[in-house]
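**Q** need coordinates for the following:
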Amino acid sequence: MASRASVTIEHVAQAAGVSRQTVSRVINKGPNVKPEVRERVEAAIAALGYVPNLSARRMGGGKSYLILAVNDRQRTIENWRAGRGNDWVDQMLHGGITECEKHGYHLIFELIDTDPATAPRQLSNAIAALRPDGVILTPPHSDNEELPVLLAERGIPCARIGRRPGTQFIDVFMDEEEAAAEITARLIALGHMRLAFIAGSPEYGNSTKRLAGFSRALAASGLGEAAGCVAKGNFRFADAAQEIERLLTRADPPTALIAENDEMAFAAMHVADRLGLEVPQQLSIASFEDTPGVRFSVPPLTAIRQPTAEMIAAACSQLIAASAGGPAHGSIKLPYRLVERATTGPAPAPAKRKTG
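**A** Reported below is the predicted structural model:
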């Protein structure tokens, strides 16, 4: 008998008394295999300790059994090099890998530039080399209208994260505008009448949606746009800290602040500490993302929990179904959750005027 390390599909076929093609159909969970034959092949696989390789599996229908997930190259590498890590990538890999494993698929992770002049070429090179059965475009690639069209022309199903139409492609999203409106309304309900929104980057469509939610909640409360101010933090600690210090040292500083990611919220906490402002007694801070670190900040950070892993898992599931003949379009909305912790509280009482 062959050693476990050298067991091939031919050994399984011989042991089960079937052809290589039948073994491949069983591995791929394909049709047209009698139950007793399937059981015999599965028993041979277990007895021999056979682990299918991709080339063997492709015999069953030409699939690659790969899902390609594409992320922002510059921002991802920048975070890695700075030692900040990237929880979005962690959650993406968690959701994608675990879902793909359920179906016998593999998730491949690639970084592509967001520059519209180079992104199509880089994506073309990746799909030519890997021949994936489906591609996941994460923000801001999901906002690039050229990329899904390129994939459609090559017959590759595409899932866009953060988009909602679902008419031509698989779109998976959470309601970014509603999430921003909810946390804004919550802060207003706590008595805050001067609020700041620390925006990420207009390159990301979700930033625009969140800003719309912030403005909508201000208008609905009757406070109006004058009660809110917006600063651009570029999703970066240093950029956000500079803008937040400018806001907090002016004559009429905000008493509540919403940051578009946890890194910028941490910047707000650092600036508040440096300025001697107590959180949340003098300044309330809330964030989007809800990465693991927010639970260990002092005080723990209030945040909108994004269903990142769940969105990627849903995208993988739909792409795998599409590769098997299912629909390659549709819209999937997943819920977010506002997690209130210790960085938000009632607005501070107005300072009393001194009398002569």
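
**Q** quick one: mean pLDDT for stretch 117-134?
**A** Averaging pLDDT along stretch 117-134 gives 94.

**Q** and that stretch, which residues are buried?
**A** Neighbour-count burial for stretch 117-134, counted by 16 or more other C-beta atoms under 10 Å, picks out 119-120, 122-123, 126-127, 132-134. Where you see a C-beta, it was placed from the backbone N, CA and C, and this is true even at glycine.

**Q** just the residues contacting it, thanks.
**A** Here stretch 117-134 makes contact (C-beta atoms under 8 Å, 6 or more residues apart in numbering) with 63-68, 70, 105, 108, 110, 112-113, 135, 141, 144, 146-147, 150-151, 154, 156-159, 316, 319-320, 322-323.

**Q** picking that back up, so which of the buried residues of stretch 117-134 are in strands?
**A** Gly134 (DSSP state E).

**Q** which one among the buried residues of stretch 117-134 gets closest to Ala220?
**A** Taking C-beta to C-beta as the measure, Ala220 lies nearest Ala119 of these, at 37.6 Å.

**Q** how much space between that closest one and Ile97?
**A** 24 Å (C-beta to C-beta, to the nearest Å).

**Q** picking up where we left off before, write the ChimeraX selection for whichever of the contacts of stretch 117-134 are buried.
**A** The buried residues among the contacts of stretch 117-134 can be selected in ChimeraX (16+ other C-beta under 10 Å) with this line:
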select :63,64,65,66,67,68,70,105,108,110,112,135,141,144,147,150,151,156,157,158,159,316,319,320,322,323
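
**Q** low-confidence bits of the stretch 251-356 of the chain, can you list those?
**A** Within the stretch 251-356 of the chain, the segments meeting pLDDT under 70 span 351-356.

**Q** can you give me the strands in it?
**A** Taking DSSP state E, counting those that start in this stretch as the test, the strands found in the stretch 251-356 of the chain are 256-259, 284-289, 302-305, 330-333, 337-339.

**Q** just those: most buried one?
**A** Greatest average neighbour count among the strands of the stretch 251-356 of the chain goes to strand 256-259 (a mean of 30), per mean count of other C-beta atoms under 10 Å.

**Q** what lies in contact with it?
**A** By C-beta under 8 Å, 6+ apart, strand 256-259 touches 180, 183-184, 187, 190, 192, 194-198, 214, 233, 240, 244, 247, 265, 267-268, 283-288, 344, 347.

**Q** and those residues, which are buried?
**A** 180, 183-184, 187, 192, 194-198, 214, 233, 240, 244, 247, 265, 267-268, 283-288, 344, 347.

**Q** once you drop chain neighbours, what's closest to the most centrally placed residue in the chain?
**A** In the chain, the residue lying closest to the centroid (C-alpha atoms, centre = their mean) is Thr308, at 3.9 Å. Excluding its sequence neighbours, the residue lying closest to Thr308 (C-beta to C-beta, 6 or more residues apart in numbering) is Gln91, at 3.8 Å.

**Q** confirm for me that Leu338 is in contact with Phe288.
**A** No: contact criterion C-beta atoms under 8 Å: Leu338 and Phe288 do not qualify, at 10.3 Å.

**Q** mutual contacts of these two, please.
**A** 179, 303-304.

**Q** nearest to Gly330 among those?
**A** Of the shared contacts of Leu338 and Phe288, the one sitting nearest to Gly330 (C-beta to C-beta) turns out to be Ala179, at 21.9 Å.

**Q** what helix or strand is that closest one on?
**A** helix 176-189 (DSSP states H and E).

**Q** just the CA coordinates for that helix, please, in PDB.
**A** What follows is helix 176-189, C-alpha atoms only, in PDB (Å, rounded to 0.1, in the frame of the first residue of the first chain):
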ATOM      1  CA  GLU A 176     -24.100  52.500   6.800                       C
ATOM      2  CA  GLU A 177     -26.300  55.600   6.700                       C
ATOM      3  CA  GLU A 178     -28.800  54.200   9.200                       C
ATOM      4  CA  ALA A 179     -26.000  53.200  11.500                       C
ATOM      5  CA  ALA A 180     -24.500  56.700  11.500                       C
ATOM      6  CA  ALA A 181     -28.000  58.200  12.000                       C
ATOM      7  CA  GLU A 182     -28.600  55.900  15.000                       C
ATOM      8  CA  ILE A 183     -25.500  56.700  16.900                       C
ATOM      9  CA  THR A 184     -25.900  60.400  16.200                       C
ATOM     10  CA  ALA A 185     -29.500  60.300  17.400                       C
ATOM     11  CA  ARG A 186     -28.400  58.500  20.500                       C
ATOM     12  CA  LEU A 187     -25.900  61.200  21.300                       C
ATOM     13  CA  ILE A 188     -28.500  63.900  20.800                       C
ATOM     14  CA  ALA A 189     -30.800  62.000  23.100                       C
END
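
**Q** contacts for that helix, please.
**A** Applying C-beta under 8 Å, 6+ apart, the set of residues contacting helix 176-189 is 162, 195, 197, 206, 209-214, 216-218, 220-221, 223, 256, 258, 284, 286, 288, 302, 304, 336, 338, 340, 344.

**Q** which residue ranges of this protein form helices?
**A** Remark: helices assigned in the chain by DSSP state H are 9-16, 20-27, 35-48, 54-58, 73-81, 87-102, 119-130, 146-153, 176-189, 205-221, 237-248, 262-274, 308-323.
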